[in-house]
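**Student:** Below: sequence and its predicted model.
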Amino acid sequence: MEKELEQLRRQPLLPPRRAGALPGGYMGRILRVDLTAGTTKDENLPGPEVLRKWPGGQGLAQAILIRELPAGVTPFSPENRIVFMTGPLTGTGKTPGGAAYTVVTLSNITGFGRGERGTAVSSSGMGHWGSYLKFAGYDGIIVSGASTQPVYLWINNGRAEIREASKIWGRDTHETIEWIKRDLNQPEASVACIGPAGESLVRAAMILNDHNHSASHGGGAIMGSKKLKAIAVHGTKRVPVKDAARLEEAGNSWRSKIRVYEYPKSRCNVGFGAELKTVVNRNFSSTLLDGSEDFDKQQFTPRPCYECNRQCPYDVRLVTGKHAGVTVSLNAGSEHFEGAAFTFGIKGPEVLYLAGVLNRLGIEASHFGCAAGAVFEAYERGLVGREQTGGLELKWGDAAVVETVMNMTARREGWLGNAIADGVMATARAIGGDAARFVPNVKAGAPAMHDWRPYTGIMLGQIVSSGGVKPQFAAYEYRDGAPDLGYPDKTDRDSAAGKAREVLVNGSNRYFCGSAGLCWFAQPINKQGILQDQLNALTAVTGWQDFGIEEALAVGQRVWQLEHILHLRYGWTPEDDLAATGTRLLEPIPDGIFKGFTMAKYLPGLVHDFYRECGWDASSGLPRPETLRRLGMEEFSFAAAQH
């Protein structure tokens, strides 16, 4: 494959001179940063034909990455790229959820470069940073090289500057954001940064922006390896729109379908676990925990993303408990509840406090919870003692001990901090014995931190995911269906019939959202007409004609196929989808209303079904030639199965 990739690199995706006028929704420039040389330069965004094929976000970033990563590169080598990319709806200001940016790089979580096979990794961030990057005049950033000293990048109205950051190396994410705003004398800047975890190359270090938002799955460690502490953005430009009146009409229709969070009502339960009817408790050894004691007594303040009415992110001032008076900043979702607290059997306002600690340190909750939860279980089993824990007694329910472990992990202190910092499978190896049986993992990464085990399609999405990344594949099993996609009602969670197709359709829609610059949380897919609202907004912004649901799903499938080709480059085989899921995730559920259930009864058949739906050869995992032709990906025909 390397010979063919070298030929592909001779056909630059970012042209010296762009042919054709840009669609609306784009600023037209990508900033290239070489931290080894200490230089920045502007490059052209691709032309209109390429952008309709790869509109932005993960797809465009992957198309850049596969052309630019040299053979043999490892995640922490200077030659690795970290690509930040927006989409055409990012920053238009007239739709809910149009605030996304995507980070794509070579994953350090799945272990590439340490004798294990690796993957590309993608994560999305929300808030204001992606919109402000466009207001500064750029659609994306490509960072390569590594600085010898800590630096941060300042982008303001079309000008970029690499600035010294030694004074903030070691500070947490919130301190870093506020320090940089003062240093720049620009309180309106948006800052994306790493905390101590990224500096220490903790495998699951994340990038945090605007206090409440994160791009997770290990990108923070890649920034840390490059000594890049932060990227601050600001500008007064505005995103060009082809038909503003039509965009406003589409945005209003879309906005009317959004379920707006009510505070504190929306935050007075165990989060997503309330819908799933399962909660991760004691390292997946129980599904039962009412961990939301006293949530309704805290003071919540919504902190919405750029021009979005859903109000997912929030600050919460703790009124009760040991940390009364402390304010923490949290994002949408509730993986941080389960990964920071529920998995350790912790309840009440300490849940909110510990989630805030992880945000400040810059550690993703799913990976921390799975690795640290396994160590707590190992301690209970007698496989780990106080000589390894630095004298700590790892008892379930002890919030003070969990906070200490978080800080040890972020700074790689002692056996315990390093065992967790190196990721879930490294934790299993450090523990030894039969630890691999109770360390929750998918392809050496952590699953998204909810207990999905009762849901066959969602578990399939976890199994075929990239590893170390929140899967973009799920199913319509726990909530209402997706009428725009052919699923008018909730589907059967305990059935394999049509499940592989359902998972692929679900993922294709989500990949499209990311490419367009949209947030899944602002897509109430159970509402009839929501996809048409989004497509109406996209065509109003870009000027593209006849861009319908079929083309949107083709964009999503194209992104997934390219992600798969990147994985094939680094040695993934069908066996990795068939056998690289931890035992704990496939064993029978221990308690609760789903006691005894396991979707393992549908394996390996469901994985084979999924391969067929994706258009891949079952034995090699390679895309079939007709699959690539159907999606207009002939330039990657060298990766196709040969018959």
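**Tutor:** Perfect, thanks for sending it. Numbers count the residues shown, from 1 in each chain.
**Student:** what about this protein, any weak spots by pLDDT?
**Tutor:** Along the chain, segments meeting pLDDT under 70 span 111-118, 467-470, 643.
**Student:** if we go to 50?
**Tutor:** Scanning the chain for pLDDT under 50 picks out 112-116.
**Student:** Domains in it, by residue range?
**Tutor:** Listed domain ranges for the chain are 2-234, 260-437, 456-639 (source: automatic domain parsing).
**Student:** The last one: end-to-end distance?
**Tutor:** For domain 456-639, the separation between the terminal residues is 30 Å (C-alpha to C-alpha, to the nearest Å).
**Student:** hmm, back to that, in JSON lines, list the domains of the chain along with mean neighbour count and distance to K242.
**Tutor:** The way it works is simple: take the backbone N, C-alpha and C, and place the C-beta from them, glycine included. What follows is the domains of the chain, written out as JSON lines (neighbours: other C-beta atoms under 10 Å; distance: least, C-beta to C-beta, whole Å):
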{"stretch": "domain 2-234", "mean neighbour count": "22", "distance to K242": "4"}
{"stretch": "domain 260-437", "mean neighbour count": "21", "distance to K242": "19"}
{"stretch": "domain 456-639", "mean neighbour count": "20", "distance to K242": "4"}
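**Student:** For the stretch 501-643 of the chain, which segments count as helices?
**Tutor:** 530-542, 549-569, 574-579, 583-586, 605-614, 625-630 (DSSP state H, counting those that start in this stretch).
**Student:** by how many degrees do the longest one and helix 530-542 diverge?
**Tutor:** Going by axes from the mean of the first three to the mean of the last three C-alpha atoms, to 10 degrees, helix 549-569 is angled at 90 degrees with respect to helix 530-542.
**Student:** can you pull the alpha-carbon coordinates of helix 549-569 into PDB?
**Tutor:** What follows is helix 549-569, C-alpha atoms only, in PDB (Å, rounded to 0.1, in the frame of the first residue of the first chain):
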ATOM      1  CA  ILE A 549     -30.400  12.200   2.200                       C
ATOM      2  CA  GLU A 550     -28.900   9.600  -0.100                       C
ATOM      3  CA  GLU A 551     -25.900  11.900  -0.800                       C
ATOM      4  CA  ALA A 552     -25.600  12.700   2.900                       C
ATOM      5  CA  LEU A 553     -25.400   9.000   3.800                       C
ATOM      6  CA  ALA A 554     -22.900   8.500   0.900                       C
ATOM      7  CA  VAL A 555     -20.700  11.200   2.400                       C
ATOM      8  CA  GLY A 556     -20.800   9.400   5.800                       C
ATOM      9  CA  GLN A 557     -20.000   6.000   4.200                       C
ATOM     10  CA  ARG A 558     -17.100   7.500   2.300                       C
ATOM     11  CA  VAL A 559     -15.600   8.800   5.600                       C
ATOM     12  CA  TRP A 560     -16.000   5.400   7.200                       C
ATOM     13  CA  GLN A 561     -14.400   3.600   4.200                       C
ATOM     14  CA  LEU A 562     -11.400   6.000   4.300                       C
ATOM     15  CA  GLU A 563     -11.100   5.500   8.100                       C
ATOM     16  CA  HIS A 564     -11.100   1.700   7.400                       C
ATOM     17  CA  ILE A 565      -8.400   2.100   4.800                       C
ATOM     18  CA  LEU A 566      -6.200   4.000   7.200                       C
ATOM     19  CA  HIS A 567      -6.700   1.100   9.700                       C
ATOM     20  CA  LEU A 568      -5.800  -1.500   7.000                       C
ATOM     21  CA  ARG A 569      -2.600   0.500   6.400                       C
END
